[in-house]
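In: after the sequence you'll find the predicted model.
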Amino acid sequence: MNIFTTSYSPPRGFETALCSCFFTDLEFFQSDFDAVIASREDLRIWSDSDWPEDNFTAEVNREELQFHVDDNKTHEAYGYMLYDPSRTRCYGSLYVNSTAGMAYNYEFLQGSEATLQQFGARIDYWLSSEIRDMHLQLSKIIYRWIRQEWGIQAGFTAREGAPSRIKLYESLGMQKNLALRYRETGSKMYLYS
């Protein structure tokens, strides 16, 4: 099933006693920015890049969030915000991305293009460094929501430089299905399910 089409209605999010998950909303750009800055070092590992840059501002964050709002409208990808139940404190962000084009951009180290095509989406999410004690609980909620509500097999990403994310996935009983090397930089990414 192709979920990256305007005929698909993605889940609107979820509410639990621990977390509120909702479509990316520009109204929350400042609290999202605060969480990004507080988690700067972890995010650079998570994204395998220099984002957020040293000169990253709240206004630039707002502009970047607009891309996720636009993706939600066009169904290119789906972006969500993760907050506390009162929606005052940002816990992180969640992205449901297409796997289309990955075979072109990545070299397969484990698995194959046929393995990649089994995944209906690639799941990327970051969680604030300030709530590290909640990462396992929130990951369980996210994993369960994707499995129960999306109707697809999804691959959860981890970067080579993020052993804590790999350990977290393994503690949830997930298996590494793919190991990929980005052709442009040589960095490695893994997909777990």
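Out: That came through, no problem.
In: neighbours of Ala121, how many?
Out: 23 (other Cβ atoms under 10 Å). All C-beta spots, glycine's among them, are computed from the backbone N, C-alpha and C.
In: and if you look at the one 3 residues further on?
Out: A count of neighbours around Asp124, defined by other Cβ under 10 Å, yields 20.
In: for the nearest residue to it once chain neighbours are set aside, what are phi and psi?
Out: Excluding the flanking residues, the one nearest Asp124 by Cβ to Cβ, 6 or more residues apart in numbering is Tyr95, at 4.5 Å. Tyr95 adopts backbone torsions of phi -130, psi 130, taken as degrees, to the nearest 10.
In: next SSE after the lengthiest helix in the chain?
Out: If you go by DSSP state H, the chain has its longest helix at helix 58-74. Counting by DSSP states H and E, the next helix or strand C-terminal to helix 58-74 is strand 78-83.
In: which residue is nearest the centroid of the protein?
Out: Asp124 (2.0 Å; Cα atoms, centre = their mean).
In: need the pLDDT of the residue nearest to Asp124.
Out: On the pLDDT scale, Tyr95 is placed at 98.
In: now for it: which residues touch it?
Out: By Cβ atoms under 8 Å, 6 or more residues apart in numbering, Tyr95 lies in contact with His68, Ala77, Tyr78, Gly79, Tyr80, Ile123, Asp124, Tyr125.
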